[in-house]
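**Q** requesting a structural model of the entry that follows:
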Amino acid sequence: MAEEGLAEEAAPRPRRRGRRTALLICAAAVLGLVAGTCTGYLVQADRAPTRLPSLAQPLHAPAEGRTPKRLPAAQDRRVRTDGDLRELLLEKPRGTKDAEWLEGTDGWMDLASYAETFEQPGEGFEEQLEQEFRRAAVTAWDGDSYSVEIRLVQFRQEDVLAAAESSERAQYWVMQGPESDGWAIPGTGDGMAYVFEEPETEPGYVPVYTAEAHARRGDVVMEIWISGEKRVDKKMIMDLAKRQMERL
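**A** Okay, here's the model as predicted:
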(Lines give C-alpha, C1' and ligand atoms only; values in the text may rest on other atoms or scores of the structure.)
Protein backbone atom coordinates (compact mmCIF):
# COMPACT_ATOMS: atom_id res chain seq x y z
CA MET A 1 0.00 0.00 0.00
CA ALA A 2 2.84 2.40 0.79
CA GLU A 3 4.51 1.80 -2.59
CA GLU A 4 1.18 2.33 -4.36
CA GLY A 5 0.73 5.64 -2.56
CA LEU A 6 4.19 6.82 -3.58
CA ALA A 7 3.49 5.91 -7.21
CA GLU A 8 0.28 7.94 -7.21
CA GLU A 9 2.10 10.91 -5.68
CA ALA A 10 4.91 10.70 -8.22
CA ALA A 11 2.61 10.49 -11.24
CA PRO A 12 -0.70 12.23 -10.41
CA ARG A 13 -3.63 11.69 -12.78
CA PRO A 14 -6.53 14.09 -13.38
CA ARG A 15 -9.66 13.28 -11.43
CA ARG A 16 -12.73 12.52 -13.58
CA ARG A 17 -16.24 13.55 -12.68
CA GLY A 18 -18.77 10.84 -11.80
CA ARG A 19 -21.27 10.01 -14.53
CA ARG A 20 -24.25 10.01 -12.18
CA THR A 21 -23.52 13.54 -10.96
CA ALA A 22 -23.23 14.79 -14.54
CA LEU A 23 -26.61 13.25 -15.48
CA LEU A 24 -28.37 14.82 -12.48
CA ILE A 25 -26.96 18.26 -13.32
CA CYS A 26 -28.01 17.88 -16.95
CA ALA A 27 -31.57 16.85 -16.01
CA ALA A 28 -31.98 19.77 -13.61
CA ALA A 29 -30.75 22.20 -16.26
CA VAL A 30 -33.28 20.90 -18.83
CA LEU A 31 -36.22 21.17 -16.38
CA GLY A 32 -35.24 24.69 -15.43
CA LEU A 33 -34.98 25.75 -19.08
CA VAL A 34 -38.44 24.39 -19.92
CA ALA A 35 -40.08 26.06 -16.89
CA GLY A 36 -38.42 29.39 -17.61
CA THR A 37 -39.46 29.33 -21.27
CA CYS A 38 -43.13 28.67 -20.45
CA THR A 39 -43.26 31.46 -17.86
CA GLY A 40 -41.61 33.96 -20.18
CA TYR A 41 -44.01 33.14 -23.01
CA LEU A 42 -47.09 33.74 -20.83
CA VAL A 43 -45.79 37.10 -19.57
CA GLN A 44 -44.82 38.33 -23.04
CA ALA A 45 -48.21 37.37 -24.53
CA ASP A 46 -50.03 39.96 -22.35
CA ARG A 47 -47.70 42.86 -23.27
CA ALA A 48 -48.16 45.38 -26.08
CA PRO A 49 -45.61 45.20 -28.90
CA THR A 50 -42.53 47.37 -28.36
CA ARG A 51 -41.00 49.40 -31.20
CA LEU A 52 -37.53 48.18 -32.09
CA PRO A 53 -34.60 50.66 -32.06
CA SER A 54 -32.91 51.72 -35.29
CA LEU A 55 -30.25 49.32 -36.56
CA ALA A 56 -27.93 52.21 -37.43
CA GLN A 57 -26.04 53.10 -34.26
CA PRO A 58 -23.15 55.59 -33.95
CA LEU A 59 -19.75 54.05 -33.43
CA HIS A 60 -17.97 55.15 -30.28
CA ALA A 61 -14.23 55.53 -30.21
CA PRO A 62 -12.51 53.30 -27.63
CA ALA A 63 -11.71 55.05 -24.38
CA GLU A 64 -8.12 56.21 -24.12
CA GLY A 65 -5.84 54.34 -21.77
CA ARG A 66 -8.03 51.24 -21.52
CA THR A 67 -6.35 49.13 -24.19
CA PRO A 68 -3.19 47.48 -22.76
CA LYS A 69 -0.04 48.02 -24.75
CA ARG A 70 1.63 44.98 -26.24
CA LEU A 71 4.98 44.00 -24.81
CA PRO A 72 7.98 44.35 -27.10
CA ALA A 73 9.30 41.03 -28.41
CA ALA A 74 12.37 41.28 -26.16
CA GLN A 75 10.12 41.29 -23.04
CA ASP A 76 7.37 38.92 -24.19
CA ARG A 77 8.38 35.46 -22.98
CA ARG A 78 5.82 33.69 -25.19
CA VAL A 79 7.44 35.17 -28.30
CA ARG A 80 10.71 33.55 -27.26
CA THR A 81 9.38 30.15 -26.21
CA ASP A 82 7.01 29.80 -29.18
CA GLY A 83 9.91 30.26 -31.59
CA ASP A 84 12.80 27.89 -32.23
CA LEU A 85 13.33 26.34 -28.80
CA ARG A 86 16.82 25.20 -29.78
CA GLU A 87 18.00 28.81 -29.91
CA LEU A 88 17.34 29.14 -26.17
CA LEU A 89 19.75 26.32 -25.27
CA LEU A 90 23.18 27.19 -23.90
CA GLU A 91 25.93 27.13 -26.47
CA LYS A 92 28.58 24.43 -26.36
CA PRO A 93 31.66 25.71 -24.45
CA ARG A 94 34.99 26.07 -26.20
CA GLY A 95 37.23 23.06 -25.99
CA THR A 96 34.34 20.58 -25.91
CA LYS A 97 32.82 18.45 -28.65
CA ASP A 98 29.27 17.44 -29.49
CA ALA A 99 28.13 14.21 -27.88
CA GLU A 100 28.25 11.39 -30.44
CA TRP A 101 24.68 10.26 -29.79
CA LEU A 102 23.44 13.78 -30.60
CA GLU A 103 24.37 13.41 -34.30
CA GLY A 104 21.33 13.20 -36.54
CA THR A 105 18.88 14.56 -33.98
CA ASP A 106 19.09 18.15 -35.33
CA GLY A 107 18.73 19.33 -31.73
CA TRP A 108 15.24 17.88 -31.25
CA MET A 109 13.85 14.98 -29.22
CA ASP A 110 10.51 13.58 -30.36
CA LEU A 111 8.10 11.97 -27.92
CA ALA A 112 9.43 8.45 -28.51
CA SER A 113 13.04 9.56 -27.94
CA TYR A 114 12.13 11.47 -24.79
CA ALA A 115 10.19 8.49 -23.43
CA GLU A 116 13.32 6.37 -23.84
CA THR A 117 15.01 8.49 -21.16
CA PHE A 118 12.64 7.01 -18.53
CA GLU A 119 13.34 3.79 -16.68
CA GLN A 120 10.08 2.42 -18.11
CA PRO A 121 9.75 3.92 -21.61
CA GLY A 122 6.27 2.51 -22.22
CA GLU A 123 4.79 4.13 -19.14
CA GLY A 124 6.81 7.27 -19.83
CA PHE A 125 5.32 7.51 -23.33
CA GLU A 126 1.74 7.19 -22.06
CA GLU A 127 2.38 9.66 -19.25
CA GLN A 128 3.80 12.28 -21.62
CA LEU A 129 0.76 11.94 -23.87
CA GLU A 130 -1.47 12.63 -20.87
CA GLN A 131 0.75 15.56 -19.89
CA GLU A 132 0.31 17.12 -23.36
CA PHE A 133 3.93 16.86 -24.43
CA ARG A 134 4.59 19.39 -27.20
CA ARG A 135 8.30 19.21 -28.07
CA ALA A 136 11.78 18.96 -26.58
CA ALA A 137 15.07 20.57 -27.61
CA VAL A 138 18.39 19.08 -26.53
CA THR A 139 22.09 19.85 -26.56
CA ALA A 140 24.99 17.82 -25.16
CA TRP A 141 28.75 17.97 -25.14
CA ASP A 142 31.78 16.03 -23.89
CA GLY A 143 34.68 17.76 -22.15
CA ASP A 144 37.94 16.50 -20.70
CA SER A 145 36.40 15.53 -17.37
CA TYR A 146 32.63 15.80 -17.70
CA SER A 147 29.72 15.22 -20.06
CA VAL A 148 26.72 17.57 -20.04
CA GLU A 149 23.21 17.18 -21.42
CA ILE A 150 20.56 19.93 -21.33
CA ARG A 151 16.94 19.49 -22.34
CA LEU A 152 14.16 22.03 -22.69
CA VAL A 153 10.82 20.22 -22.63
CA GLN A 154 7.69 22.16 -23.58
CA PHE A 155 4.06 21.24 -22.84
CA ARG A 156 0.83 22.49 -24.40
CA GLN A 157 -0.83 23.07 -21.01
CA GLU A 158 -4.35 23.26 -22.41
CA ASP A 159 -5.88 21.06 -19.70
CA VAL A 160 -2.96 20.25 -17.38
CA LEU A 161 -0.27 22.41 -15.74
CA ALA A 162 2.23 19.78 -16.80
CA ALA A 163 5.42 21.87 -16.53
CA ALA A 164 5.04 22.29 -12.77
CA GLU A 165 4.08 18.64 -12.31
CA SER A 166 7.02 17.42 -14.40
CA SER A 167 9.57 19.47 -12.45
CA GLU A 168 8.10 18.44 -9.09
CA ARG A 169 8.07 14.78 -10.11
CA ALA A 170 11.72 14.88 -11.18
CA GLN A 171 12.71 16.41 -7.84
CA TYR A 172 10.61 13.83 -6.01
CA TRP A 173 12.54 10.96 -7.62
CA VAL A 174 15.86 12.61 -6.78
CA MET A 175 14.89 12.63 -3.12
CA GLN A 176 14.01 8.92 -3.32
CA GLY A 177 17.46 8.01 -4.67
CA PRO A 178 21.00 8.03 -3.28
CA GLU A 179 22.18 10.73 -0.88
CA SER A 180 22.69 14.11 -2.51
CA ASP A 181 23.23 17.78 -1.71
CA GLY A 182 20.61 20.17 -3.07
CA TRP A 183 20.43 23.94 -3.60
CA ALA A 184 17.68 26.26 -4.79
CA ILE A 185 18.27 27.83 -8.21
CA PRO A 186 17.93 31.64 -7.83
CA GLY A 187 15.07 33.27 -9.69
CA THR A 188 13.14 30.05 -10.34
CA GLY A 189 10.85 29.77 -7.33
CA ASP A 190 11.04 26.00 -6.94
CA GLY A 191 13.99 24.99 -9.15
CA MET A 192 16.67 22.80 -7.56
CA ALA A 193 20.18 21.57 -8.39
CA TYR A 194 21.60 18.35 -6.93
CA VAL A 195 25.05 16.78 -6.60
CA PHE A 196 25.21 13.11 -5.64
CA GLU A 197 27.73 12.10 -3.00
CA GLU A 198 28.56 8.61 -4.26
CA PRO A 199 29.29 7.54 -7.87
CA GLU A 200 27.13 5.19 -9.87
CA THR A 201 28.86 1.83 -10.23
CA GLU A 202 28.35 -1.08 -12.62
CA PRO A 203 30.55 -4.16 -13.06
CA GLY A 204 33.09 -3.59 -15.83
CA TYR A 205 32.57 0.19 -15.93
CA VAL A 206 34.42 3.13 -14.38
CA PRO A 207 32.46 4.70 -11.47
CA VAL A 208 30.59 7.82 -12.62
CA TYR A 209 29.70 10.83 -10.47
CA THR A 210 26.52 12.68 -11.42
CA ALA A 211 24.62 15.91 -10.83
CA GLU A 212 21.34 17.22 -12.17
CA ALA A 213 19.10 20.30 -12.10
CA HIS A 214 15.37 20.74 -12.61
CA ALA A 215 13.39 23.97 -12.98
CA ARG A 216 10.59 25.40 -15.08
CA ARG A 217 9.40 28.69 -16.47
CA GLY A 218 5.93 28.96 -17.93
CA ASP A 219 5.29 25.90 -20.10
CA VAL A 220 8.98 24.94 -20.45
CA VAL A 221 10.88 22.55 -18.16
CA MET A 222 14.68 22.61 -17.92
CA GLU A 223 16.61 19.41 -17.26
CA ILE A 224 20.41 19.36 -16.85
CA TRP A 225 22.50 16.20 -16.39
CA ILE A 226 26.24 16.12 -15.67
CA SER A 227 28.41 13.01 -15.36
CA GLY A 228 32.14 12.56 -14.86
CA GLU A 229 34.92 10.62 -13.20
CA LYS A 230 35.19 13.18 -10.38
CA ARG A 231 32.55 14.54 -8.03
CA VAL A 232 30.71 17.39 -9.72
CA ASP A 233 31.34 20.77 -8.14
CA LYS A 234 28.35 22.77 -6.88
CA LYS A 235 29.53 25.84 -8.78
CA MET A 236 29.47 23.95 -12.08
CA ILE A 237 25.87 22.71 -11.89
CA MET A 238 24.58 25.97 -10.40
CA ASP A 239 26.28 28.09 -13.06
CA LEU A 240 24.79 26.03 -15.89
CA ALA A 241 21.33 26.06 -14.33
CA LYS A 242 21.30 29.82 -13.69
CA ARG A 243 22.58 30.72 -17.15
CA GLN A 244 20.14 28.36 -18.87
CA MET A 245 17.15 29.73 -16.96
CA GLU A 246 18.20 33.29 -17.79
CA ARG A 247 17.87 32.44 -21.48
CA LEU A 248 14.22 31.53 -20.89
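
**Q** shaky segments in the protein?
**A** Counting by pLDDT under 70, the chain has low-confidence residues at 1-81.

**Q** quick one, helices of it?
**A** For the chain, the helices defined by DSSP state H occupy 2-10, 19-45, 77-81, 111-115, 121-130, 162-176, 234-246.

**Q** okay, buried residues for stretch 184-197 please.
**A** Neighbour-count burial for stretch 184-197 flags 185, 188, 191-196 (criterion: 16 or more other Cβ atoms under 10 Å). To be clear about C-beta, it is placed using only N, CA and C from the backbone, and glycine gets the same treatment.

**Q** same question, stretch 203-213
**A** Here stretch 203-213 shows 209-213 as buried, counting by 16+ other Cβ under 10 Å.

**Q** ok, stretch 96-113 next?
**A** Going by neighbour count (16+ other Cβ under 10 Å), the buried part of stretch 96-113 is 99, 102, 109.

**Q** narrow those to those in strands?
**A** The strands, defined by DSSP state E, take in Met109 from those.

**Q** any chance of the buried residues of stretch 184-197 in TSV, with distance to Arg217 too?
**A** TSV is the format used below for these (distance: Cβ to Cβ, whole Å):
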residue	distance to Arg217
Ile185	11
Thr188	7
Gly191	9
Met192	14
Ala193	15
Tyr194	19
Val195	22
Phe196	25
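
**Q** residues in contact with stretch 162-178?
**A** The contact list for stretch 162-178, computed with Cβ atoms under 8 Å, 6 or more residues apart in numbering, reads 6, 9-12, 131-133, 153, 155-157, 180, 182, 190-192, 194, 196-198, 212, 214-216, 218-221, 223.

**Q** and if you look at stretch 137-147?
**A** So stretch 137-147 is contacted by 85-86, 88-90, 92-93, 95-102, 105, 107-109, 148-152, 226-230, 232, 236 (Cβ under 8 Å, 6+ apart).

**Q** nearest spatial neighbour of Leu152, skipping sequence neighbours?
**A** Of all residues not flanking Leu152 in the chain, Ala137 sits nearest, at 4.7 Å (Cβ to Cβ, 6 or more residues apart in numbering).

**Q** one more: Glu223?
**A** Glu223 sits nearest to Arg151 (Cβ to Cβ, 6+ apart), 4.4 Å away.
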